[in-house]
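Asks: with the sequence up front, the predicted model follows.
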Amino acid sequence: MPFQLLRFALSSKHPEPRMFRTPERLKGSYDAVIIGAGGHGLAAAYYLARDHGMRNVAVLEKGYIGGGNTGRNTTIIRSNYLTPEGVAFYDQSVRLWQDLATDFDLNLFYSTRGHFTLAHTDSAVRTMRWRAEVNKHLGVDSELVGPEAVKAACPQIDLSCGGNAPILGALYHAPGAIARHDAVAWGYGRGADQRGVEIHQQTEVLGIDVVGGRVQGVKTSKGYISTPRVLSAVAGFTPRITHMVGLRTPIYVHPLQAMVTEPMKPWLDPILVSGSLHIYVSQSARGELVMGASLDPYELHSTRSSLDFVEGLAAHMLDMFPFLSHAKVNRQWAGMADMTPDFAPVMGTTPVEGFYLDAGWGTWGFKATPVCGMTMAHTVATGRDHDLIGAFNLSRFARYELTGEKGAASVGH
Amino acid sequence: MKLLCCPVNGLRPVSEFAYGGEVRAMPDPATCTDDQWADHVFNRSGIPGVKIEWWYHLPSGVWFHAERDVTADRVLRTWMPGEESAR
């Protein structure tokens, strides 16, 4: 144990400053208001303050920092997407991730593991090859590998998956990584806070004032704020916010569940994903197996958990790893995923002037946290979409110009 | 919600059913504008509330309506399309 930790035991007062200030009350006006203090909202605040000099910014959060989908995802970071727009965007995110811990001076437990997307059918192999070629063309490290490469990276796997779904190959993505999701929100929050951004927890947005097609202010549970710019980064609550400004969107909300086992000795190095078995799994720094599956099959605005989910996911895990039959499930939870028809996000400017969306992040938002913050900060500061997010604008639907990323979703939904 | 009442087959486990989305009126494709049509194709009412939905009983092939609170996940009633009598 480092001796400097002793000061925490010997001092009567806590010897470190807190991560964030707690502002007393809301000011009457801000240059920008960000709704949602999750990873995306805090990252946008951080880059607004750091790169664009906008410090008179309030981040409003109805719960607590990082308590929504930022703290509920399975922490996988990758850029092996399907469309050129998607690959370029997520690749930029992976680059930002790699020196984020230095940026924050905070350990994010960023751990590059390698990421296998397993293919159990000929058509899945075809999609993997397609993704590998798109990725290579754009300089992203992806390749199609055979079952023997999967076995070499993970000797414990049953390649026949119980005889039900033999593994024919996999898309291997070496930069695939995991990180500690709470620390990401804290790091961005602290960085924004130190630069003068105010983070108001327990502050719910009740309405947004729009006059003549322009944002004028925000009604909150702690009073009225006048502001010309509002960024909504609220994941599963997006439809409620867009309803306040009278905007119609294709976003629909389904729950996504996940669970972890009890901690065990490290044995699973890579991240494994199987679309056919509806699994993604990695082993955390704490030794827990972190597992997720597909969406719940119908609309629900709730974070309830279900036994059906645990039974289904455990059965598929046992197809891959029969020796886990004695492992215990420690915890399960759910998040509200804001889904879109093409499995790409809805980002950028909207028909309401001064109202910006960072939404439609469904089941794929955590990995994009840094690049979303950076591009949305640019968009809010300049009023124009950042070049990397042009393909994600809400207006693409009216033009039928979808950005089809369903083939790159980790599991079939 | 673990059980759902099919108007034909009665109370069955929810795993026997498929969700068909909210019941919505289709604009007339011959007369509506492109924007109205795109709105119908893509946009949804994503806000929570009590909604009337399509559900499908897979083993027997029955499509029916259900009125459901999409926050509490509670089904208020189910009925066959065109039949007003609620069960």
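Replies: Great, that's in hand. What you are looking at is a predicted structure, and each value in this text was computed from that prediction instead of being measured. Residues are numbered from 1 along each chain as shown, chains lettered A, B, ... in the order given.

Asks: now the closest residue to A:Ala153 other than its chain neighbours: how far from A:Asp385?
Replies: With Cβ to Cβ, 6 or more residues apart in numbering or on different chains as the criterion, A:Ala153 has its nearest non-adjacent residue at 5.0 Å, and that residue is A:Pro270. Where C-beta positions appear, they are placed from N, C-alpha and C, glycine not excepted. Going from A:Pro270 to A:Asp385 by Cβ to Cβ, to the nearest Å gives 36 Å.

Asks: now swap in A:Gly292 and tell me
Replies: In this structure, A:Gly292 and A:Asp385 are 31 Å apart, going by Cβ to Cβ.

Asks: B:Pro27 now?
Replies: As it turns out, when the distance is counted by Cβ to Cβ, B:Pro27 lies 30 Å from A:Asp385.

Asks: out of those two, which sits in the more crowded spot?
Replies: Just comparing B:Pro27 and A:Asp385: by other Cβ atoms under 10 Å in any protein chain shown the higher neighbour count belongs to A:Asp385, 20 against 13.

Asks: just give the nearest non-adjacent residue to the more buried one, would you?
Replies: If the residues on either side of it in the chain are set aside, A:Asp385 comes closest to A:Gly348, at 4.0 Å by Cβ to Cβ, 6+ apart.

Asks: got a list of contacts for the helix or strand containing the one you found?
Replies: For A:Gly348, the enclosing helix or strand under DSSP states H and E is strand A:346-349. In this structure, residues lying in contact with strand A:346-349 by Cβ atoms under 8 Å, 6 or more residues apart in numbering or on different chains are A:249-251, A:340, A:356-360, A:372, A:375-376, A:379, A:383-386, A:389-390, A:392-394.

Asks: so for that strand, what's the average pLDDT?
Replies: Averaging the model's pLDDT scores along strand A:346-349 yields 98.

Asks: chain center to that strand, what's the gap?
Replies: 16 Å (Cα atoms, centre = their mean, to the nearest Å).

Asks: what's the following helix or strand after that strand?
Replies: Remark: after strand A:346-349, the chain's next helix or strand is strand A:355-359, criterion DSSP H and E.

Asks: that next one vs chain B: in contact?
Replies: No - using Cβ under 8 Å from any Cβ of the partner chain, strand A:355-359 stays clear of chain B, with a minimum separation of 10.0 Å.

Asks: what helices or strands is that strand leaning on?
Replies: The contact analysis (3 or more Cβ pairs under 8 Å, 6 or more residues apart in numbering or on different chains; DSSP states H and E) places strand A:355-359 against helix A:39-51, strand A:230-232, helix A:238-244, strand A:346-349, helix A:369-382.

Asks: in that strand, what counts as buried?
Replies: A:355-359 (16 or more other Cβ atoms under 10 Å in any protein chain shown).

Asks: not counting it itself, show me its contacts.
Replies: Residues external to strand A:355-359 that are found in contact with it (Cβ under 8 Å, 6+ apart): A:40-41, A:44, A:208, A:210, A:215, A:229-235, A:238, A:242, A:245, A:247, A:249, A:251, A:338, A:345-350, A:372, A:376, A:379-380, A:394.

Asks: that concludes my questions; thank you for your assistance.
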